[in-house]
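Student: A structural model of the following input is requested.
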Amino acid sequence: MVLYGCTCAVNANAESFVVGLMNADRPPYFWRDETGGYRGLFIDVLDEISKETDFHFSYKALPKARIRLYMNVGKIDIEMGIAKQWRKKKAEIKNSVYSIPFMKSKEVYVTSSKQGSFDSELNIPIGDKFCGIIGFSKPKGSSEKSRVDFLSEEQLLKMIDKRRCDYTVMPQDIFRYLLHGNTYNVVASDPISTHAMRLRLNRQHEWLVSRIDAALLRMKHNGRLAIILDRYK
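Tutor: Okay, the predicted model is just below:
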């Protein structure tokens with residue numbers, strides 16, 4: 001009875017944190033299921049961290065630009081799957097702390113598979129009309145004047161398939177996942193960059209970092225992190 005009472009007390013006092021997720025599905029990282037709940041690689045990683053730390057994570061769906069703003073002012077506690085070099089504005093640097101990486105993400109150019117739309121020797125797409133996602137940074141060399149933004153990678157693939165965009169940049173993981181079972185006439189380049197994906201926390205939660213890092217290290221050592229990553233290949 002004493003042990004049961006102590007367990008309840010710990011669970012009742014578990015710390016709760018809000019994770020900002022884009023209000024558009026990004027499989028295999030995260031998506032809404034038929035019940036309205038979240039599934040995906042990021043969710044599984046956070047679930048394992050929760051088991052290790054007794055932290056509780058809830059999710060708030062917002063446009064990417066608003067997530068970045070809310071992180072700066074402390075309205076959201078955590079942004080999941082972020083590389084440090086993606087958050088270089090003064091306020092973002094000032095208000096951010098990061099966990100150790102939990103995975104690596106490779107980015108690729110995606111363009112139409114129509115002959116002449118991709119220079120495979122130079123590993124670059126041909127054309128000026130870049131399409132991206134609202135709130136995401138543009139790749140080097142792309143023109144803001146010819147840029148068109150959409151809500152998700154799935155929309156980007158459809159626009160490129162219809163030749164309404166010349167090219168985009170997206171994680172190789174997402175490209176492969178969305179292509180499975182679909183017939184988009186698109187092609188991806190070799191990886192153009194590799195990023196270490198981390199949990200980005202508002203600086204007021206700096207005390208969390210050591211505990212999250214310890215949880216991630218345990219997950220790596222006992223193989224549970226590898227199992228999660230393999231699940232979504």
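
Student: my read: residue 166 touches residue 118, true?
Tutor: No: proximity of residue 166 to residue 118 does not meet the contact threshold set by C-beta atoms under 8 Å, at 9.9 Å. Yep, even glycine has a C-beta here, placed from its N, CA and C like the rest.

Student: show me where the chain has helices.
Tutor: 2-12, 41-53, 64-73, 90-94, 153-161, 172-179, 209-221, 224-231 (DSSP state H).

Student: for residue 232, give me phi and psi.
Tutor: phi -110, psi 10 (degrees, to the nearest 10).

Student: just put the helices of the chain in JSON lines and tack on mean pLDDT, distance to residue 124 and mean neighbour count.
Tutor: As requested, the helices of the chain are exported to JSON lines (pLDDT from 0 to 100; distance: least, C-beta to C-beta, whole Å; neighbours: other C-beta atoms under 10 Å):
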{"stretch": "helix 2-12", "mean pLDDT": "42", "distance to residue 124": "53", "mean neighbour count": "9"}
{"stretch": "helix 41-53", "mean pLDDT": "97", "distance to residue 124": "29", "mean neighbour count": "19"}
{"stretch": "helix 64-73", "mean pLDDT": "95", "distance to residue 124": "25", "mean neighbour count": "18"}
{"stretch": "helix 90-94", "mean pLDDT": "96", "distance to residue 124": "29", "mean neighbour count": "12"}
{"stretch": "helix 153-161", "mean pLDDT": "95", "distance to residue 124": "15", "mean neighbour count": "20"}
{"stretch": "helix 172-179", "mean pLDDT": "96", "distance to residue 124": "16", "mean neighbour count": "20"}
{"stretch": "helix 209-221", "mean pLDDT": "98", "distance to residue 124": "35", "mean neighbour count": "16"}
{"stretch": "helix 224-231", "mean pLDDT": "97", "distance to residue 124": "29", "mean neighbour count": "14"}
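
Student: now those as JSON lines including distance to residue 81?
Tutor: Shown next, in JSON lines, are those (distance: least, C-beta to C-beta, whole Å):
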{"stretch": "helix 2-12", "distance to residue 81": "27"}
{"stretch": "helix 41-53", "distance to residue 81": "6"}
{"stretch": "helix 64-73", "distance to residue 81": "12"}
{"stretch": "helix 90-94", "distance to residue 81": "15"}
{"stretch": "helix 153-161", "distance to residue 81": "14"}
{"stretch": "helix 172-179", "distance to residue 81": "10"}
{"stretch": "helix 209-221", "distance to residue 81": "13"}
{"stretch": "helix 224-231", "distance to residue 81": "12"}
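
Student: so which of those helices is nearest residue 105?
Tutor: Among the helices of the chain, the nearest to residue 105 by C-beta to C-beta is helix 172-179 (6.4 Å).

Student: what sits up against that closest one?
Tutor: For helix 172-179, contacts defined as C-beta atoms under 8 Å, 6 or more residues apart in numbering pick out 26-29, 105-108, 110, 153-154, 157, 184, 186, 188, 191, 232.
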